[in-house]
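Quick check, what structure comes out for this input:
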Amino acid sequence: MTKICKYHCCVLGLGSNLGHRLQYLTSAYKAIEMDLGRIVLSSPVYQSMAWGYEDQGDFLNSVLMVDTLHSPLESLKIIKAIEKKLGRKVRDRWHQREIDIDIIFYDSLVIEKDDLIIPHPHYHLRNFVLKPLMDILPNYEDPHFHKPIYQIDADCPDQSIVEPFAKHLEV
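Residues are numbered from 1 along each chain as shown. As a prediction, this is how the structure comes out:
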């Protein structure tokens, strides 16, 4: 990853499909800036149909690059606390949610633990993650696949529609 970050570069994927979706994303941006680190890059916000379990409302998604002092596991704990603070309720996998924040990349690390897998194990199969990643990191080489994001995007089997919804959100 190009050294844009001063400390560690943590790339996050955010999504919401319940309630005031854009407000949840905006609140998450603010909480990330306060608790995790400085947002260095942010994608526009996109809208897409739900993935995995499709009988639910459309999602709004974005991707952020955050400059953080925290370790990957500390970052995960902070992210889970932010989700809880913003009102995320526990539901079945891939079901609706107020806010969802996933670590996509952390520096160029590959981590495979029970509670944390980096790079995110499904990002390469999801247009709603790849489209915003293409906006901010098209040339970043995935440390697991050893391919740039633009190639992973071109190879992605997901043909779902991901449409622009809003320009960059202000923190």
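
So in that sheet, which strands flank the helix or strand of the chain with the lowest mean pLDDT, and in what orientation?
When each helix and strand of the chain is scored by mean pLDDT, DSSP states H and E, strand 162-166 comes last, with a mean of 91. Strand pairing for strand 162-166, determined by DSSP bridges: strand 45-48 (antiparallel).

which is the next helix or strand following the partner strand?
strand 59-68 (DSSP states H and E).

Tell me the strands beside that next one, with direction?
By DSSP bridges, strand 59-68 pairs with strand 8-16 (antiparallel), strand 37-42 (antiparallel), strand 45-48 (antiparallel).

How about Pro157: what's its closest non-neighbour residue?
Counting by C-beta to C-beta, 6 or more residues apart in numbering, Leu125 is the residue found nearest to Pro157 once chain neighbours are left out, at 6.8 Å. All C-beta spots, glycine's among them, are computed from the backbone N, C-alpha and C.

show me the contacts for the one you found.
156-158 (C-beta atoms under 8 Å, 6 or more residues apart in numbering).

Of those, which is the nearest to Ile118?
Cys156 (19.0 Å; C-beta to C-beta).

where does that closest one land on pLDDT?
We note a pLDDT of 96 for Cys156 in this prediction.

Give me the neighbour count for it.
Neighbours of Cys156 under the rule other C-beta atoms under 10 Å: 17.

cool, Pro157 as well?
Quick note: Pro157 (other C-beta under 10 Å) scores 7 neighbours.

Now do the buried residues in the least confident helix or strand of the chain.
By neighbour count on 16 or more other C-beta atoms under 10 Å, the buried set for strand 162-166 is 162, 165.

Let me know the helix or strand that Tyr29 is in.
Here Tyr29, judged by DSSP H and E, is contained in helix 21-35.

Check which residues of stretch 66-85 are buried.
66-68, 70, 72, 75-76, 78-79, 82-83.

Keep only those of those residues that are in strands.
Per DSSP state E, strands hold the following members of the buried residues of stretch 66-85: 66-68.

wait, which of those is closest to Pro138?
Val66 (18.5 Å).

residues contacting the closest one?
Counted by C-beta under 8 Å, 6+ apart, Val66 has contacts 5, 9-12, 32, 36-40.

List buried residues within these.
Buried among those (16+ other C-beta under 10 Å): 5, 9-12, 32, 36-37, 39-40.
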